[in-house]
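Participant: Provide a 3D model corresponding to the input given below.
(chains A and B)
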Amino acid sequence: MTDALRERVRSAVAAVDDPEYPGISITDLGLVEALDVTPDGDVVVGLIPTFSGCPALSMIADDVRSAVADLDGVTTVDVRWLGAPVWTIDRVTDVARATMAREFTVAVRIGREPVSCPRCGSSTMEDSMFGPSRCRAVHVCPSCAEVVEVMRA
Amino acid sequence: MGRSWESMYDFEAFLDDGGIVEVDDDMPDAYRRAVFAFIEMHANSEIMGGLTEREWIPKTPGLRHKMSVLAKTQDEIGHGHLLYMVAADMAVKTRREMLEDLFAGRSKFHNVFHYRAKTWGDQVAISFLVDSAALASQQAVLKNCSYGPYRRILRRIVAEEGFHMRMGEERMMLIAEGTEVQRVMFQQSIDDWWWPSLQLFGPDSKPGDQLLRWHIKSERNEVLRARWVQKYAPLLTSYGFTIPDPGMVHDADAGTWTSGPIDWEPLKRTLAMGGPDSARRIAEAAASWVDTRWVRQALDEAPVGAAA
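Facilitator: Here you go, the predicted structure:
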């Protein structure tokens, strides 16, 4: 019984998108760390932020709360931002990486591995280590001239 | 070299078929210049908007709003950066030339950034009214944009501006449900910002508008403007605020809200750098460029690979 409820809660949380990337779920970005569901329907969702100063935290928590609150069998919802573990870029799943490349021409960079241009596959060059958010740098593709944002730790 | 077209007629037929132009295509010069000018103005507006937002970082009430103002500042400047890269690739002006023109007051940016945000209420009005108007016009460009590099950047910008819009709604509801002092402050801000926000859409599109013909814009200015009024007039009214438009017609049966006559003089004045805050804004922007010279220098002189 709890397993079935837990599964419904899990998929409801998985349907919550990042407010800055419509179509990319917070689960695929690696933000969902813990999910506790009691037989009485008390739900605790533990999230971890990409960056602690991220301005979207309260919005994401609100979205998770409203996604879960109305499910059948759910009595209470507690959404918490956890202090640990810290988020790392390798938590981003292949699904999210593919969607970011395809829909947003954003590449995900793990460590210092070379970045491939989402359009033509060539290695990109850094234009600036600073981009439109704390988690992104700006690269350019020397081959097709595409401006590529790079999500990095 | 990419594709080329025999004539403007062929090029326009290509665009009408939903063709997407890429940077290495041999596009007609008139198209290149029109698209470049449009992207340059968008980039300039992001920078001027980001700098406005920045002025509020130390003055913003509350830590949560402060975080969103900080992030928004970085977002806007970052958008300007991406757009300047895309514009520079069109080989009309370099990135540096565009910045120098902006700081010398030689190029255009949106009318709304020629006014001063005097109170936090003004900042709320900007993030609610100005941002929603800007988002609506960007969405209309994204819908059918024929220039590929701009279209792909816009896809991300529109997603992020949608996030700003949610912050704006949150700020608006907080002040609307606040104390009487806050409500009076916000009414004043609506009175000051309603018309500039509405004029961000520009005057009625002319017949034969090139940006429409070449699939940069997908909808006429007056259509976008009317749709925005139709959404925001009832929203503000429902919170008990008034719209500073004595000629506005509200047809309760049809549920329509229509603007009264629009005085376009303020728009013409601001775009000619004669807005109420144009001179100070440009001077501040130019000063920020000078003040950050040491950062550019440090990055330029960093050992190769150090910033990888």
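
Participant: check the chain and tell me which residue is nearest its centre.
Facilitator: Unless you meant another one, I'm taking chain A. A:L29 (2.4 Å; Cα atoms, centre = their mean).

Participant: chain B was what I was after
Facilitator: Central residue of chain B (Cα atoms, centre = their mean): B:A134, at 4.6 Å.

Participant: please settle this for me: is A:P22 part of a strand?
Facilitator: Yes. A:P22 forms part of a strand when assessed by DSSP: H, G, I helix; E, B strand; the rest coil.

Participant: quick one, what contacts the closest residue to it other than its chain neighbours?
Facilitator: Leaving aside its chain neighbours, A:P22 sits nearest to B:A159 (5.7 Å; criterion: Cβ to Cβ, 6 or more residues apart in numbering or on different chains). Backbone N, C-alpha and C define where each C-beta goes, glycine included. Applying Cβ atoms under 8 Å, 6 or more residues apart in numbering or on different chains to B:A159 gives the contacts A:E20, A:Y21, A:P22, A:F104.

Participant: repeat that with 7 Å
Facilitator: Shown in contact with B:A159 (Cβ atoms under 7 Å, 6 or more residues apart in numbering or on different chains): A:E20, A:Y21, A:P22.

Participant: now list the buried members of those.
Facilitator: A:E20, A:Y21 (16 or more other Cβ atoms under 10 Å in any protein chain shown).

Participant: one step back: surely the residue nearest to the centre of chain A forms part of a strand?
Facilitator: No. According to three-state DSSP, A:L29 belongs to no strand; its state is coil.

Participant: chain B versus that one, what's the distance?
Facilitator: 14 Å (Cβ to the nearest Cβ, to the nearest Å).

Participant: give me phi/psi at that residue?
Facilitator: Phi and psi for A:L29, reported as degrees, to the nearest 10, are phi -80, psi 0.

Participant: need the pLDDT of it.
Facilitator: If you check A:L29, the pLDDT there is 94.

Participant: residues contacting it?
Facilitator: A:D18, A:V92, A:A96.

Participant: recalculate using a threshold of 10 Å.
Facilitator: A:17-18, A:21, A:50, A:60, A:87, A:89, A:91-93, A:96, A:100, A:108, A:135, A:151 (Cβ atoms under 10 Å, 6 or more residues apart in numbering or on different chains).

Participant: and B:D253, by the same measure?
Facilitator: No contacts exist for B:D253 under Cβ under 10 Å, 6+ apart.

Participant: quick revisit: separate out the buried members of the contacts of A:L29.
Facilitator: Buried among the contacts of A:L29 (16+ other Cβ under 10 Å): A:17-18, A:21, A:50, A:60, A:87, A:89, A:91-93, A:96, A:100, A:108, A:135, A:151.

Participant: what pLDDT, on average, does stretch B:225-244 get?
Facilitator: Mean predicted confidence for stretch B:225-244 is 97.

Participant: now the helices for chain A?
Facilitator: Secondary structure of chain A (DSSP state H): helices located at A:2-14, A:57-69, A:94-104.

Participant: of those helices, which approaches chain B most closely?
Facilitator: Nearest to chain B among those is helix A:94-104 (5.1 Å), distances taken as Cβ to the nearest Cβ.

Participant: buried stuff in the closest one?
Facilitator: Buried residues in helix A:94-104 (16+ other Cβ under 10 Å): A:A96, A:R97, A:T99, A:M100, A:A101, A:E103, A:F104.

Participant: cool, stretch B:83-92 as well?
Facilitator: B:L83, B:Y84, B:M85, B:V86, B:A87, B:A88, B:D89, B:M90, B:V92.

Participant: out of the residues you listed, which are close to chain A?
Facilitator: When contact is defined as Cβ under 10 Å from any Cβ of the partner chain, those meet chain A at B:L83, B:Y84, B:M85, B:V86, B:A88, B:D89.

Participant: who touches B:L271 in this structure?
Facilitator: Counting by Cβ under 10 Å, 6+ apart, B:L271 has contacts B:M41, B:K108, B:F109, B:H110, B:N111, B:H114, B:Q199, B:G202, B:S278.

Participant: one more time with 7 Å, if that's ok
Facilitator: Residues counted as contacts of B:L271 (Cβ under 7 Å, 6+ apart) are B:K108, B:N111.

Participant: which SS state does it fall under?
Facilitator: Applying three-state DSSP: B:L271 is helix.

Participant: that older thread, wait, which of the contacts of B:A159 is closest to chain B?
Facilitator: Chain B lies nearest to A:E20 out of those, by Cβ to the nearest Cβ, at 4.9 Å.

Participant: just checking, the closest one touches B:E160?
Facilitator: Yes. Using Cβ atoms under 7 Å, A:E20 is in contact with B:E160, at 5.4 Å.

Participant: tell me the secondary structure for B:T73?
Facilitator: helix.

Participant: any idea how far it is from B:R171?
Facilitator: 15 Å (Cβ to Cβ, to the nearest Å).

Participant: of those two, who's got more company?
Facilitator: Ranked by neighbour count (other Cβ atoms under 10 Å in any protein chain shown), B:T73 and B:R171 place B:R171 first, with 22 against 19.

Participant: near chain A at all, stretch B:162-182?
Facilitator: Yes. Counting by Cβ under 7 Å from any Cβ of the partner chain, chain A has neighbours in stretch B:162-182: B:F163, B:R166.
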